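Q: next come a sequence and a model predicted from it.
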Amino acid sequence: MSKPDPERKPPTGIPTTKQKQDEAIIGTNDYSIVSKRSVEKIYYPEEPQFFEPFIGRFKRRAPLINRGYWLRMQSIEQAVLQFLGEKSDGKKVVVNLGCGYEPLPFRMLWKYGNRCRTVRFVDVDYPQLIRKKVDVVKKNHIYSDLLTQPVSGEAHSSILLNDGRYCAVGCDLGNTKALDHIFRTELHLDESSILFVGEVSVVYMEVKAADELIKLCATFNDARFCLLEQHLPEGRGHPFAKTMLAHFQKQTPLRCLESYTTIQSQNTRFHAAGWREVKTKDLWSLWQDPDFASSERRALDSVEPFDEWEELALFGGHYFLLLATTSTAPLKHVSEHAMDYEIPYNISPSVELQHCLNPAGRGLRRFGASFKIDEETIAFHGGLKSLSQQSNCDIYTRGSSTPQPFTTPPENILCHTITKLDTSTSLLTGGRNSPSKANPSSHLYNSDKNTWTPTHDLQPARYRHCSVTVTINSTPAILTFGGKTSTGLLLDTWALYTPSKRWTPVTPTNPNGAPPPLFGASLATTNPSGTTGLLLGGMKQGGFLHAHFTTWELVTPDSEDGGVRITFTSSLPRLNEVGIASPATLRFGASLVPSRWGILLIGGIGSRGVVPMEEEVVVVRKYGRIDKFGGLFAGDGGGGEGGRPLWHSVTEEVTSSFSKLMFDAEKTSISLVWERDKPLLESAK
C-alpha cells in the first residue's frame, strides 16, 4: 500500500464526482494518522506503536497539534472504555464508522485486554481503504498477534477480515441498506450491546445520508453512539471557525456542519433519529474535568513544553463529544464535571465602537504588551509577529498626529508586561522567548528622555504574570502576581517594584485565603488610591481554569523598614445572600482595565474555550457579577465579522476621546476606540 506522505499538501478544488469526493475524504485520513502517529511516538514511546506500520516517514507535529490530537484520541478512548465498563449480560461490539487506518481496536485489546474478553471490534470504511488496512494488519504481528483465528472474507463479501475479536468491513457509510444487511444478517448485532463510533467521519457525508445512518444505528435496542466532530459555537464569523472552514472547504467540505452547526442542533438531530437520551460536551470542557484521563494528562508537560493555551481552547471549543443511547439504562457522559451555571446579569446601554483596520500586512501581532508613550501615542511591543522583517514594536497615533521619536524596547519577547509607573515612566517585566526560556530582566522607559534603562531582575524569571500600578504611602509602585517559570513551575508569589527598593516580596496576611499558583490571571485596582483591587481567572497546574474571584487590599508598613503585606478579603464563586460570581469571569489571558463604565474584563478564553461575543467585553461588578453591553459591537459591520479580542493588549485611557483598548484578531490587527470618528491609525514605524 502507498503510505501517507506527511509533507504532502492536499489539492485544492472541491471534487464534483462521487468517486473523486470519496477519494478526497479518504485523503483526510492521511493527515489524521500522521498527526496521531506523532502523538503516539512522543507521548507513548514505551507502548506498542500501532500507527507506525501505516505511516511512511515519521513527522513530528507542533505541540499544539500534538495536544489537540491527544485530546481527540483520549476522548474516543474514554468513551469506549466507559462502554466496556458497563454491565451487560451478553456480548459487546464496538463499531468504528469511517475508521480510516485508526488502530483503535488493537490498542484497546492490548491495553484493556481483561475488559475485552467478550468484546468484538468492527471497522467500517470504504472498500478500497479497508483492503489496504487488512493487508497491513495481516503482515504485521503487532496486530495479528492480538487476534485469535483471522479469516479472510469471501471474494464478493463486504467482510474482508473476520475474527472473534476483530472484523473489517468494506462498505460506503452512505449505503445504509447494505450496512443494515451486514449489521443484522452477517454480524448479528441485534444480539449484542453496541457502541457506534464516528470520529470526524460522518460530518463529511451528505446530510441526508448521514441522517439515515444515524437513524439506522438507532434501530438497535441496546445501542450507543459516540460522535466526535466540529461545531460552530459562535457561528461562521468567528476567526477560528472561518479558518477551520476554509481549510476543509479546499477539498472536503464539512457537509453536515452546514445543517448542524451547534451542540443543541446535534442533540435535536439525534433525538429526532430515535435516540432516547443524548449528552454532549465540547472538548475544552472535557479538558477542564480534573478526572478526565488525569494521570496521562499530567505527564504531557514533562514531554514537551507547551504555551499555546488560547489556541488549544479554541480548538477544543470547536469540537464536541456526543454520547447517545437507545437503552433504558441511564446515560453517563465521560465527563460529568460542570463549570458553567446560569445567573442573572444586567444589560448596560449600548456602546457603539468603531474599529480601524491596519494597512494590509502590518500590525499583525499577538501576545505583546501595549503602553502609553504620551497623550497622542501608544506603543504595541513584542509578541508573535506575522512577518519576520516586522519590527518588535508598532506605534499608533490618534488621527493624523505625527508620533514623537521613539526608542523601541530592547527585548524581543512575548507574554510580558509593560506597566505605567508614573506619568513619564513605564516598567517592562518578564516574558519569554520560548516556553522553556523565561526572561528575568526588567527595563524602565522614560518618555521624557526616550530611553530604556535596565533595572533589577525579577527572580525567578517568569511569563504570563500580571501587573498593575498601585500606591504605597503616596509613592507609585507596581504589583506583580503569579506567572510561569522556564521549568513549568507556576508561581503564587506577589512582588512589589518601587524605584527606591526595586523588587521586594509582598507577604499575605491570611495565606489560607491567598490564590493558588496561577498564570494568565487578570489584575486590576478598584480604588483611586491604588491600594485595593481584584484578581480573577488564570490557569492552574494541568491547564485548569481558576474559578475564583478574589479581592485584595495592600497593607502599608508603619515604618520604612516594614514590608508591604496583602490581605485577601473574599474569594468566589460562592452562593450566599448576595449571589454568585458570573461564569463570564472565568477567563484565561484576559485583561482588566478601569473605565468610565466600571472595571472592564476584556477577551481571553473561557470555560468553553470560545468566549461568547456578548461577553468578550463586560463590566465586572461587586461579588463577581457582570454587566453585558447591549450591542457592544454595533460598529463592526454586523454579524460579528469585525474585530474580536482573542489575543489583545490593553492600555490605560489616553485622553477622554481616545482609545482605551486595542487588540488584534487572528488575521487582522484591529484598533478600537470608544468614541466615533476618532480612529486609531498605525504610524509609519
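A: Thanks, I have the structure now.
Q: Lys41 touches Ile55, doesn't it?
A: No: the criterion here is C-beta atoms under 8 Å, and Lys41 misses it with Ile55 at 9.4 Å. For every residue, glycine as well, the C-beta is placed using N, CA and C.
Q: so between these two, which is more surrounded?
A: Ile55 (22 against 17; other C-beta atoms under 10 Å).
Q: that's a strand at Glu553, yeah?
A: Yes: according to DSSP: H, G, I helix; E, B strand; the rest coil, Glu553 belongs to a strand.
Q: what about it, distance to Arg621?
A: 18 Å (C-beta to C-beta, to the nearest Å).
Q: quick one: contacts for Ser467?
A: 417, 419, 427, 429, 478-481, 523 (C-beta atoms under 8 Å, 6 or more residues apart in numbering).
Q: repeat for Trp275
A: 214, 218, 225, 324-326.
Q: give me the neighbour count for Asn96.
A: 24.
Q: name the nearest residue to it, ignoring sequence neighbours.
A: Spatially, and ignoring its direct neighbours in sequence, Asn96 is nearest to Val197 (4.8 Å; C-beta to C-beta, 6 or more residues apart in numbering).
Q: the one you found: what secondary structure?
A: strand.
Q: my guess is Val124 contacts Cys99. True?
A: Yes: in this structure, Val124 is within contact of Cys99 by C-beta under 8 Å, at 6.3 Å.
Q: kindly provide the distance from Phe102 to Leu173.
A: For residue 102 the amino acid is Glu, not Phe. Applying C-beta to C-beta to Glu102 and Leu173 gives a distance of 14 Å.
Q: if we can go back for a sec, dump the contacts of Ser467 into CSV; add pLDDT as well.
A: Compiled in CSV, these are given as follows (pLDDT from 0 to 100):
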residue, pLDDT
Thr417, 96
Thr419, 95
Leu427, 96
Thr429, 97
Ile478, 97
Leu479, 97
Thr480, 98
Phe481, 98
Leu523, 95
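Q: start and end of stretch 85-96, how far apart?
A: 18 Å (C-alpha to C-alpha, to the nearest Å).
Q: show me how far it is from its chain's centre.
A: Stretch 85-96 has its C-alpha centroid displaced from the chain centroid by 33 Å (C-alpha atoms, centre = their mean, to the nearest Å).
Q: quick one, what contacts the residue nearest to Gly85 when sequence neighbours are not counted?
A: In space, Gly85 comes closest to Arg115 once its chain neighbours are excluded; the distance is 6.9 Å by C-beta to C-beta, 6+ apart. Neighbouring residues of Arg115 by C-beta under 8 Å, 6+ apart: 81, 84-85.
Q: neighbour-wise, which of those residues leads?
A: Leu84 (18 neighbours).
Q: average pLDDT for the helix ranked longest in the chain, rounded please.
A: Longest helix in the chain, counting residues (DSSP state H): helix 18-43. Averaging pLDDT along helix 18-43 gives 88.
Q: same check, this time on stretch 293-309
A: 90.
Q: so for it, first residue to last residue, what's the gap.
A: 18 Å.
Q: next one: stretch 491-507
A: 14 Å.
Q: in the stretch 101-250 of the chain, what spans have low per-residue confidence?
A: For the stretch 101-250 of the chain, the stretches flagged by pLDDT under 70 are 153-156.
Q: how about 90 then?
A: 148-157, 237-239, 243, 247-250 (pLDDT under 90).
Q: and for the stretch 551-685 of the chain?
A: 556-563, 569-586, 591-603, 607-608, 611-685.
Q: the strand or helix carrying Phe371 packs against which elements?
A: Using DSSP states H and E, Phe371 maps to strand 369-374. Packing partners of strand 369-374 (3 or more C-beta pairs under 8 Å, 6 or more residues apart in numbering; DSSP states H and E): strand 377-381, strand 417-422, strand 425-429, strand 647-650.
Q: ok, 7 Å please
A: strand 377-381, strand 417-422, strand 647-650 (3 or more C-beta pairs under 7 Å, 6 or more residues apart in numbering; DSSP states H and E).
Q: chain center to that strand, what's the gap?
A: With C-alpha atoms, centre = their mean, you get 29 Å for strand 369-374.
Q: returning to what we had before: for the longest helix of the chain, buried residues please.
A: 21-22, 24-26, 28-43 (16 or more other C-beta atoms under 10 Å).
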